[in-house]
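*Asks:* Build me a model:
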Amino acid sequence: MTAVPDPARGRFWHPLPDARIQCDLCPRDCRLADGQRGLCFVRQNQGGEMVLTTWGRSSGFCLDPIEKKPLNHFLPGSSVLSFGTAGCNLTCRFCQNWDISKSREMDRLQAVATPEAIADAAVRSGARSVAYTYNDPVIFAEYALDVAAACREAGVRSVAVSAGYVRAEARREFFAGMDAANIDLKGFTPAFYRDVCGGDLDTVLETLEYLVRETQVWTEITTLLIPGLNDSPAEVEALSAWVFEHLGPTVPLHFTAFHPDFRMHDREPTPPVTLRRARAQALGVGLKHVYTGNVRDVAGDTTHCAACGAAVIVRDAYRMLAYDLDDTGHCRGCGARLAGVFDGPAGDFGARRVPIRI
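*Replies:* Presented below is the predicted three-dimensional model:
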């Protein structure tokens, strides 16, 4: 038997008595015969060992504004080197990146890069962080963690854009390598997660509580509001109240607009009024930092000081119009510190998206 190369050898699995192996990464607990792949498509049993078939391979690299992840309280105005691989461990019918996350064609992964090369590219391009995004980095955890380790050596931070659908042991190891995360809280009913996403709500809520209560990972939340499915005032109220009660008033919450895609073309795009209503509801519950996304909305993009209410960061479509914080994130008006990660002056990367080669 040919030995599996160390970089591709997977963690988070155990052998079964019947010669299969079980993946322990996420709650799917995929049980794989030799040669079989998990639902995520990228984790495979090869000769009785778990292999990550996408280690070192990507669908491409580009520089984004950090606010596009979206992270509004993490190194504002800076650029982030973003990349993903293929596959996903959820089956969301509305997936907005389905051509990557649902890909079963490995030739889509045309960019090849070692962790050291990615960290070096981030430094050379002036990116202050690297984001594991486009598809869920949990499924390529080994590669993401290797990149994160190389980035820390180079003084570059790591950002996970994830649905948070991961088991506790893997969750601890994966997020130990991250500096920030945006978790996609897709809805707030078990039925929505089961019927539309192929997952379960409780696991995601556990991930959010773990990140905010037990780690130093800066965490923001995104909920894509889909007309008629997860956008009711009652559901928005319940979701916002849960964030307030379980995570605290200063965890940023982003409500973003849906557009018809993948297997969900029977819904209209989210009206801006729905996002504005959801934002007002969440602010009414007591959350301090609530944003709208995928629409042009300066009010919904603006960050306010939680203490005095002053507009301390004013944005318009990823462009920063005003910035009234000092280098450590304190309001210049009242001196209160804004929740988040602030290290030096605001960046000026703007709304650009720049493809790069590694």
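*Asks:* Adjacent strands (with direction) for the longest strand seen in the chain?
*Replies:* With secondary structure taken from DSSP state E, the chain has its longest strand at strand 218-225. Strand 218-225 sits in its sheet next to strand 180-184 (parallel), strand 253-257 (parallel), going by DSSP bridges.
*Asks:* tell me the mean pLDDT for it?
*Replies:* For strand 218-225, mean pLDDT is 98.
*Asks:* after it, next one along is what?
*Replies:* Sequence-wise, the next helix or strand downstream of strand 218-225 (DSSP states H and E) is helix 233-246.
*Asks:* next one: that following helix to chain centre, how far?
*Replies:* Going by C-alpha atoms, centre = their mean, to the nearest Å, the spacing between the C-alpha centre of helix 233-246 and its chain's C-alpha centre is 20 Å.
*Asks:* for that helix, which positions count as buried?
*Replies:* Across helix 233-246, burial judged by 16 or more other C-beta atoms under 10 Å covers E235, V236, E237, L239, S240, A241, W242, V243, F244. Every C-beta, even on glycine, is put in place using the N, C-alpha and C of the backbone.
*Asks:* One more: stretch 27-35?
*Replies:* Buried, per 16+ other C-beta under 10 Å, within stretch 27-35: R28, C30, L32.
*Asks:* all helices of the chain, in order?
*Replies:* Counting by DSSP state H, the chain has helices at residues 98-101, 115-125, 141-153, 168-176, 190-192, 201-214, 233-246, 272-285, 298-301.
*Asks:* The closest residue to P355 other than its chain neighbours pairs with what?
*Replies:* Nearest residue to P355, sequence neighbours excluded (C-beta to C-beta, 6 or more residues apart in numbering): C62, at 4.6 Å. Counting by DSSP bridges, C62 is bridged to S82, P355.
*Asks:* which residues does C62 contact?
*Replies:* C62 makes contact with L81, S82, F83, R353, V354, P355, I356 under the criterion C-beta atoms under 8 Å, 6 or more residues apart in numbering.
*Asks:* Report the distance from the longest strand of the chain to the chain centre.
*Replies:* With C-alpha atoms, centre = their mean, you get 8 Å for strand 218-225.
*Asks:* So G47 sits against D34, correct?
*Replies:* Yes. With contact defined as C-beta atoms under 8 Å, G47 and D34 form a contacting pair (6.5 Å).
*Asks:* Any chance you could list residues touching both of those two?
*Replies:* Shared contacts of G47 and D34, defined by C-beta under 8 Å, 6+ apart, are absent.
*Asks:* Now distance to P76 and mean pLDDT too, for the strands paired with strand 218-225, in TSV please.
*Replies:* Shown next, in TSV, are the strands paired with strand 218-225 (distance: least, C-beta to C-beta, whole Å; pLDDT from 0 to 100):
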stretch	distance to P76	mean pLDDT
strand 180-184	12	98
strand 253-257	14	97
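*Asks:* got those strands as TSV, with distance to I226 and mean neighbour count columns?
*Replies:* Formatted as TSV, the strands paired with strand 218-225 follow (distance: least, C-beta to C-beta, whole Å; neighbours: other C-beta atoms under 10 Å):
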stretch	distance to I226	mean neighbour count
strand 180-184	13	25
strand 253-257	9	24
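*Asks:* okay if I get those strands as a markdown table plus distance to A170?
*Replies:* Shown next, in a markdown table, are these (distance: least, C-beta to C-beta, whole Å):
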| stretch | distance to A170 |
| --- | --- |
| strand 180-184 | 14 |
| strand 253-257 | 25 |
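*Asks:* before we move on, the earlier item: let's see the longest strand of the chain as CSV, backbone CA atoms only.
*Replies:* Extracted C-alpha coordinates of strand 218-225, given in CSV (Å, rounded to 0.1, in the frame of the first residue of the first chain):
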residue,chain,number,x,y,z
TRP,A,218,-13.3,37.6,18.0
THR,A,219,-16.8,36.5,16.9
GLU,A,220,-19.5,38.0,14.7
ILE,A,221,-22.7,36.4,13.4
THR,A,222,-24.4,36.5,10.0
THR,A,223,-28.0,35.5,9.3
LEU,A,224,-29.2,35.5,5.7
LEU,A,225,-32.9,36.4,5.7
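*Asks:* In terms of pLDDT, where does A317 sit?
*Replies:* For A317, the model assigns a pLDDT of 89.
*Asks:* pretty sure it is touching A351, no?
*Replies:* Yes. With contacts counted by C-beta under 8 Å, A317 reaches A351, the gap being 5.6 Å.
*Asks:* Ignoring the adjacent residues along the chain, who's closest to C308?
*Replies:* C334 (4.0 Å).
*Asks:* okay, now that neighbour: neighbour count?
*Replies:* 12 (other C-beta atoms under 10 Å).
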